[in-house]
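Enquirer: here is a sequence with its predicted model. Questions after.
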Amino acid sequence: MQLPIIDLADLGTTQPPKPIVDTVRDAAAEFGFFQIINHGVAPDLVAQVWDSTKAFFALPHDDKRNISRSKTNTRGYYDRELTKNARDLKEVLDLAHVPFPELDDTDPRNFHRVDGFNQWPDLDGFRSTMVAYLQACEQLSLRLLDTFSASLGQDPQYLRSFFDQDHTSFVRLNHYPLDDLLSPGEAISTTPLGDMALHHHSDAGALTLLLQDDVGGLQVEHDQDWIDVEPIPGAFVVNIGDMMQVWANNRFRAALHRVAPRTDRERYSLPYFFNPSYGTDYAPLPSTISPDTPPQYRTLNWGEFRQARADGDFADYGTEIQIAHFSV
Ligand code: OGA
Ligand code: NI
């Protein structure tokens with residue numbers, strides 16, 4: 001069993017073509033996951049992003065911890081993330097959309113009142129590469145959003161209004177090492193490692209675009225089985241998040257996925273989480289509601305949902321919040 005591979009060469013910049021809309025609809029309904037090729041993100045930029053990512057994780061651990069995230073700044077380095085209340089064997093750097101790249105990260109126009117501000121490693125060209133990559137992911141995500149909108153029977157532009165300058169998208173640099181990064185003393189005083197490199201979960205936001213290296217290990221749940229997401233050079237893996245499942249009124253699935261433990265080679269991956277403004281309220285789209293298909297969710301607010309979820313990733317506060325809490 002393999003995930004669909006969708007060629008976006010004909011996607012264009014205006015109305016998404018019907019064959020692509022139909023293929024995306026089928027893939028989103030069946031798997032909630034697919035891969036895209038000919039997506040328009042420049043291969044040179046992707047190569048620079050990989051180089052910068054590897055250069056960052058190769059820095060001394062103390063240098064990485066100097067830009068750690070904290071309870072008040074959600075952006076930065078982290079080496080003890082929890083998913084489903086077990087510790088993942090990975091280290092990450094989260095970098096969010098920069099609305100005004102020419103201004104400082106702590107300028108009020110870049111500083112996000114809830115999330116905080118980006119922290120950059122001291123590496124030549126790192127910031128400009130990542131800012132360019134964030135912009136490329138934003139543009140591709142908006143085109144995919146139009147396609148999803150159309151595939152749910154709305155005007156293609158319908159969902160765009162939620163993604164203006166203060167959208168809360170971010171890229172996460174993921175490194176899955178072979179051994180625990182925490183010293184034995186640190187490991188003993190925190191949540192134990194689980195049995196997965198990354199525990200099963202669905203992504204909370206609208207869409208995720210993921211680049212992975214050639215190691216493999218990402219798996220998606222389908223019909224009570226786990227399908228391997230085969231690495232395809234240059235392709236993005238696209239998956240829908242909980243928010244899209246709500247908009248789609250369960251026509252599309254935010255599939256569970258996980259990363260199997262590494263045994264021989266470390267792995268790198270780069271998810272871009274495409275998320276709207278925190279003020280966004282979301283509920284099943286009008287086009288998905290009929291007498292036979294009443295709304296399956298009440299209205300959620302993205303800021304509140306995200307805050308609850310982020311607290312759960314940061315430390316074990318009990319039950320992780322899920323969209324199922326909002327089912328009607
Ligand atoms: C994630 C995720 C998958 C991967 O970070 O949410 O699902 O391949 N990552 O690293
Ligand atoms: Ni994920």
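Expert: Nice, thanks for sending it over. Ligands and ions are numbered 1, 2, ... in the order given.
Enquirer: what distance do you get for residue 270 to ligand 1?
Expert: 8 Å (Cβ to the nearest ligand atom, to the nearest Å). All C-beta spots, glycine's among them, are computed from the backbone N, C-alpha and C.
Enquirer: and that residue, that one's in a strand?
Expert: Yes: inclusion of residue 270 in a strand is indicated when DSSP: H, G, I helix; E, B strand; the rest coil is applied.
Enquirer: that one: neighbour count?
Expert: By other Cβ atoms under 10 Å, 20 other residues sit near residue 270.
Enquirer: bridge partners for it, pull those for me.
Expert: residue 211 (DSSP bridges).
Enquirer: show me what contacts it?
Expert: For residue 270, the residues meeting the contact criterion (Cβ atoms under 8 Å, 6 or more residues apart in numbering) are 49-50, 53, 171-174, 210-212.
Enquirer: can you narrow these down to the ones near ligand 1?
Expert: By Cβ under 6 Å from any ligand atom, the members of the contacts of residue 270 lying near ligand 1 are 172, 174, 210, 212.
Enquirer: surely the last one touches residue 239?
Expert: No: with contact defined as Cβ atoms under 8 Å, residue 212 does not reach residue 239; the gap is 12.0 Å.
Enquirer: who has more neighbours, the two?
Expert: Regarding residue 212 and residue 239, a neighbour count based on other Cβ under 10 Å identifies residue 239 as having more, with 25 against 22.
Enquirer: just give the nearest non-adjacent residue to the closest residue to ligand 1 within the stretch 101-250 of the chain, would you?
Expert: Among the residues of the stretch 101-250 of the chain, residue 218 lies closest to ligand 1, at 3.9 Å counting by Cβ to the nearest ligand atom. Counting by Cβ to Cβ, 6 or more residues apart in numbering, residue 229 is the residue found nearest to residue 218 once chain neighbours are left out, at 4.2 Å.
Enquirer: list the contacts of residue 250.
Expert: Contact analysis of residue 250 by Cβ under 8 Å, 6+ apart lists residue 296.
Enquirer: by neighbours, which of the ones next to ligand 1 among the contacts of residue 270 wins?
Expert: residue 174 (24 neighbours).
Enquirer: thought that one was touching residue 92?
Expert: Yes: in this structure, residue 174 sits in contact with residue 92. The criterion is Cβ under 8 Å, and the distance is 5.5 Å.
Enquirer: pull the CA atoms of stretch 37-51 into PDB?
Expert: Taking Å, rounded to 0.1, in the frame of the first residue of the first chain, the C-alpha atoms of stretch 37-51 are listed here in PDB:
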ATOM      1  CA  ILE A  37       5.800  16.500  -7.000                       C
ATOM      2  CA  ASN A  38       6.400  19.500  -9.300                       C
ATOM      3  CA  HIS A  39       5.300  21.800  -6.500                       C
ATOM      4  CA  GLY A  40       7.300  24.800  -7.600                       C
ATOM      5  CA  VAL A  41       9.600  25.200  -4.500                       C
ATOM      6  CA  ALA A  42      13.100  25.700  -5.900                       C
ATOM      7  CA  PRO A  43      15.500  22.700  -5.500                       C
ATOM      8  CA  ASP A  44      18.400  25.100  -4.700                       C
ATOM      9  CA  LEU A  45      16.400  26.600  -1.800                       C
ATOM     10  CA  VAL A  46      15.500  23.100  -0.500                       C
ATOM     11  CA  ALA A  47      19.200  22.100  -0.700                       C
ATOM     12  CA  GLN A  48      20.200  25.200   1.300                       C
ATOM     13  CA  VAL A  49      17.500  24.400   3.900                       C
ATOM     14  CA  TRP A  50      18.900  20.900   4.400                       C
ATOM     15  CA  ASP A  51      22.500  22.300   4.700                       C
END
